[in-house]
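Trainee: return a 3D structure for these sequence lines:
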Amino acid sequence: MKASDLLVKCLEEEGVKFIYGVPGEENLDMLESIRTSSIKLILTRHEQAAGFMAATYGRLTGKAGVCMATLGPGATNFVTAAAYAQLGAMPMIMITGQKPVKTSKQGAFQILDIVDMMKPLTKFTHQLVSGDNIPNKVREAFRLALEERPGAAHLEVPEDICEEDVDLQPLKASSVRRSIAEDKSISAAVEKIKRANNPLLLIGAGANRKLTSRMLTAMVDKLGIPFCTTQMGKGVVDETRPEFIGNTALSAGDFVHRAINHADVIVNVGHDVIEKPPFFMTDHDVEVIHMSFNTAKVDPVYFPQLEVIGDIANAVWRMTEQLEPQDHWDFKFFETVRDKLTAQIAEGTDDDRYPVYPQRLVKDVRDVMHDEGIIALDNGVYKIWFARNYMAKHPNTVLLDNALATMGAGLPSAMAARFVHPDRRVMAICGDGGFMMNSQELETAVRFNMNLVVLILRDDAYGMIKWKQLNYGFENFGLDYGNPDFVKYAESYGAHGHRVESAAGLKPLLERCHSTPGVHVIDCPIDYSENDRILNSEIQQRAAAI
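Mentor: Numbers count the residues shown, from 1 in each chain. A predicted model of the protein is given here:
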């Protein structure tokens, strides 16, 4: 068979359902092989968006998402998406084309060393120089992309290699069980928790796995230990539970940080140093149990006294089996923190001022999204409001990026979620800056007849940086811009365009858009004028007063 056919058969063997990308001349053999395969091609309008979609597919399914591009500029457009997947621990395979490596007559036209470029951004990068190497290199790329900690892998497939004749079959994946934590570390963790007066669970990105979610929920059910989450740990355990005491969206000084500082043992489940530190260790007054697939990276603000290394779900289950609620555990302060936080979050949720204020926005979005509905956030100051105020009830229902924290990923991530979960409500929530970085993908969404809501929070500026600029005491300069008429812009792609005209009109408009088929783009003016007062001053003062 032709080598490109073998390559696609290898992808089928790995369970690939979709390939996202923008094919070029050097991909034409592979494109023809895809045409006759079981894999669905999702043709996008930019390679970066294809990479974001593939990474998000990996995040949602635990299987490696696949994207493809041509050589040169097509491959370089994958760079941000590669970093997004690698830092965010999302399994992804990038396949890029290249000029013939044996008989090229085009000099150096469009040729870059893409393999070398991808080395610092991936777990594995390799140029195929023989069709005979396809089965083992594809299997190796998937193995490494999926292995904890997951990330990005890259294969470069030159044009002449795709054309070779081969007589091989795909390699099947071996059966692998993750290593489990040793009994001594489990016993030591159990004893620390038993002796604690104020134990606390902190749930991070590495715990955002389906089985780990179930095991942690069972632990909270049995023991009643309070828990808090990092931004990428949202929803691992239902945040509407009474044991939930907050999200570490702010770096310090929030209500949740008072609880963290009060704890004498912190069980840090799935901590990933890629995330902004959820707390800072400054002395040894607090004992920290690090539970992860990997040992803790040495850091000036994080030096756990005990590490439980291995499959997290298994370790949580074993610890739960050995633990019982202790009479001396005291959760009163945590409960006070929870009550104060709940009251503060409720403030402003019925604010009728217009443009819409963030507190009202988050509440209205939460009200219209079903329990398993998915919001995909781009990056901006609104991300803090959603991480802090939006209560996630299930894992991976709040897709935000607290690793690379790139702009432009919100819309593509929502589209990937729609492909994976066609039966759920899905909403992209983007600032006007982030939306415009990949807004061309509206055409892709319309072409695939998606039911999708895109909420654009318009402040006509790079609002997060303006907030920081104000914090630094600098004058307002260099961060304001103009925008198109987003209603007409949406309609030009064949989508439905809407504009929020009042605070009271936001919720019914969201409900109507979710209930009506098609792609809906909502222009929502937003007022961030109180961000500095609330996020940088008021919350800290009220938390300190507890």
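
Trainee: what helix or strand does residue 30 sit in?
Mentor: Element membership of residue 30 [criterion: DSSP states H and E] is helix 28-35.

Trainee: can you name every helix or strand that the helix or strand just after that helix contacts?
Mentor: As assigned by DSSP H and E, the chain's next helix or strand after helix 28-35 is strand 40-43. Strand 40-43 sits against strand 18-22, helix 28-35, helix 441-447, with contacts defined as 3 or more CB pairs under 8 Å, 6 or more residues apart in numbering; DSSP states H and E. C-beta: built from backbone N, CA, C; applies to glycine.

Trainee: can you dump the C-alpha coordinates of the second one into CSV?
Mentor: Put plainly, it is helix 28-35. Below are the C-alpha coordinates for helix 28-35, written out as CSV (Å, rounded to 0.1, in the frame of the first residue of the first chain):
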residue,chain,number,x,y,z
LEU,A,28,-2.1,15.9,-0.7
ASP,A,29,-1.3,12.2,-0.5
MET,A,30,-2.3,12.1,3.1
LEU,A,31,-5.5,14.1,2.3
GLU,A,32,-6.5,11.5,-0.3
SER,A,33,-5.9,8.7,2.2
ILE,A,34,-8.1,10.5,4.7
ARG,A,35,-10.8,10.8,2.1
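
Trainee: so for that helix, what's the average pLDDT?
Mentor: Taken as a whole, helix 28-35 has an average pLDDT of 96.

Trainee: and the contacts of it?
Mentor: 2-5, 7-8, 19, 23, 41, 68, 95, 97, 157, 159, 162-163 (CB atoms under 8 Å, 6 or more residues apart in numbering).

Trainee: residue 62: which of these is nearest?
Mentor: residue 19 (17.9 Å; CB to CB).

Trainee: against residue 393, how distant is that closest one?
Mentor: 32 Å (CB to CB, to the nearest Å).

Trainee: now residue 97
Mentor: 43 Å.

Trainee: on that earlier part again, just name the most buried of the helices and strands packed on strand 40-43.
Mentor: Ranked by mean neighbour count, the helices and strands packed on strand 40-43 are led by strand 18-22 with a mean of 25 (mean count of other CB atoms under 10 Å).

Trainee: quick one: end-to-end distance for stretch 218-231.
Mentor: 21 Å (CA to CA, to the nearest Å).

Trainee: now the angle from the host helix or strand of residue 11 to helix 28-35?
Mentor: Secondary structure assigned from DSSP H and E places residue 11 in helix 3-13. In terms of direction (axes from the mean of the first three to the mean of the last three CA atoms, to 10 degrees), helix 3-13 departs from helix 28-35 by 40 degrees.

Trainee: which residues touch helix 3-13?
Mentor: Contacts for helix 3-13 (CB under 8 Å, 6+ apart): 1, 19, 29-30, 32-34, 37-39, 66, 95, 131, 134-135, 138-139, 157, 161-166, 168-173.

Trainee: report the buried members of these.
Mentor: Using 16 or more other CB atoms under 10 Å as the burial test, these include 19, 29-30, 33-34, 37, 39, 66, 95, 131, 134-135, 138-139, 157, 161-162, 164, 166, 168, 170-171 as buried.

Trainee: one step back: figure out how far the helix holding residue 11 is from the centre of its chain.
Mentor: Here the centre of helix 3-13 is set off from its chain's centre by 29 Å, with CA atoms, centre = their mean, to the nearest Å.

Trainee: can you tell me the average pLDDT over that helix?
Mentor: 97.

Trainee: residue contacts, the closest residue to residue 432 other than its chain neighbours?
Mentor: Once flanking residues are discounted, residue 432 sits nearest to residue 458: 4.6 Å by CB to CB, 6 or more residues apart in numbering. For residue 458, the contacting residues are 431, 432, 483, 486, 523, 524, 525, 526, by CB under 8 Å, 6+ apart.

Trainee: in strands, which of these fall?
Mentor: Among the contacts of residue 458, the ones falling in strands (DSSP state E) are 431, 523, 524, 525.

Trainee: what about the closest residue to the first one other than its chain neighbours, neighbour count?
Mentor: Right, residue 431. Spatial nearest neighbour of residue 431, excluding adjacent residues (CB to CB, 6+ apart): residue 380 at 3.7 Å. Using other CB atoms under 10 Å, residue 380 has 27 other residues around it.

Trainee: residue 380 falls within a strand, correct?
Mentor: No. Secondary structure of residue 380 (DSSP: H, G, I helix; E, B strand; the rest coil): coil, not part of a strand.

Trainee: gap between it and residue 210?
Mentor: 29 Å.

Trainee: between residue 97 and residue 393, which is the more surrounded one?
Mentor: residue 97 (28 against 19).

Trainee: how far is the helix holding residue 30 from where the chain is centred?
Mentor: 30 Å.

Trainee: that one to strand 18-22, inter-axis angle?
Mentor: 150 degrees.

Trainee: tell me the domain boundaries of the chain?
Mentor: What automatic domain parsing lists as the domains of the chain is 3-162, 183-338, 347-537.

Trainee: most packed of these?
Mentor: The most buried one of the domains of the chain (mean count of other CB under 10 Å) is domain 3-162, showing a mean of 21.

Trainee: what about that one, how long is it end to end?
Mentor: First-to-last residue span, domain 3-162, CA to CA: 5 Å.

Trainee: gap between that domain and the chain center?
Mentor: The answer for domain 3-162 is 20 Å, by CA atoms, centre = their mean.

Trainee: i'd like the first residue to be 679 from this point on
Mentor: Noted, 679 is the first residue going forward, which turns the last one into domain 681-840.

Trainee: can you tell me how far residue 997 is from residue 868?
Mentor: Relative to residue 868, and taking CB to CB, residue 997 is found at 6 Å.

Trainee: residue contacts, residue 913?
Mentor: Counting by CB under 8 Å, 6+ apart, the residues that residue 913 touches are 886, 891, 907, 1070, 1071, 1072, 1073, 1074, 1075, 1076.

Trainee: those residues in helices, which ones?
Mentor: Among those, the members found in helices (DSSP state H) are residue 891.

Trainee: how much space between residue 936 and residue 877?
Mentor: 16 Å.

Trainee: can you tell me how far the nearest residue to residue 922 once chain neighbours are set aside is from residue 952?
Mentor: Sequence neighbours aside, residue 905 is the residue nearest to residue 922 in space, at 6.2 Å (criterion: CB to CB, 6+ apart). Computed as CB to CB, the residue 905 to residue 952 distance reads 21 Å.

Trainee: what is the one helix or strand in the chain whose mean pLDDT sits lowest packed up against?
Mentor: Ranking every helix and strand in the chain by mean pLDDT, DSSP states H and E puts helix 1141-1149 at the bottom, with a mean of 87. Applying 3+ CB pairs under 8 Å, 6+ apart, we find helix 1141-1149 packed against helix 1209-1211.

Trainee: report the mean per-residue pLDDT for the helix it packs on.
Mentor: Rounded mean pLDDT across helix 1209-1211 is 90.

Trainee: check which helices and strands whichever helix or strand comes after that helix is in contact with.
Mentor: Sequence order places helix 1217-1222 as the next helix or strand after helix 1209-1211, per DSSP H and E. Secondary-structure packing of helix 1217-1222 (3+ CB pairs under 8 Å, 6+ apart): helix 933-940, helix 1010-1024.

Trainee: how about residue 1214: what's its closest non-neighbour residue?
Mentor: Closest to residue 1214 by CB to CB, 6+ apart is residue 1149, at 6.5 Å.

Trainee: the stretch 929-1078 of the chain: strands as residue ranges?
Mentor: Remark: strands assigned in the stretch 929-1078 of the chain by DSSP state E, counting those that start in this stretch are 943-947, 965-970, 984-987, 1052-1055, 1076-1077.
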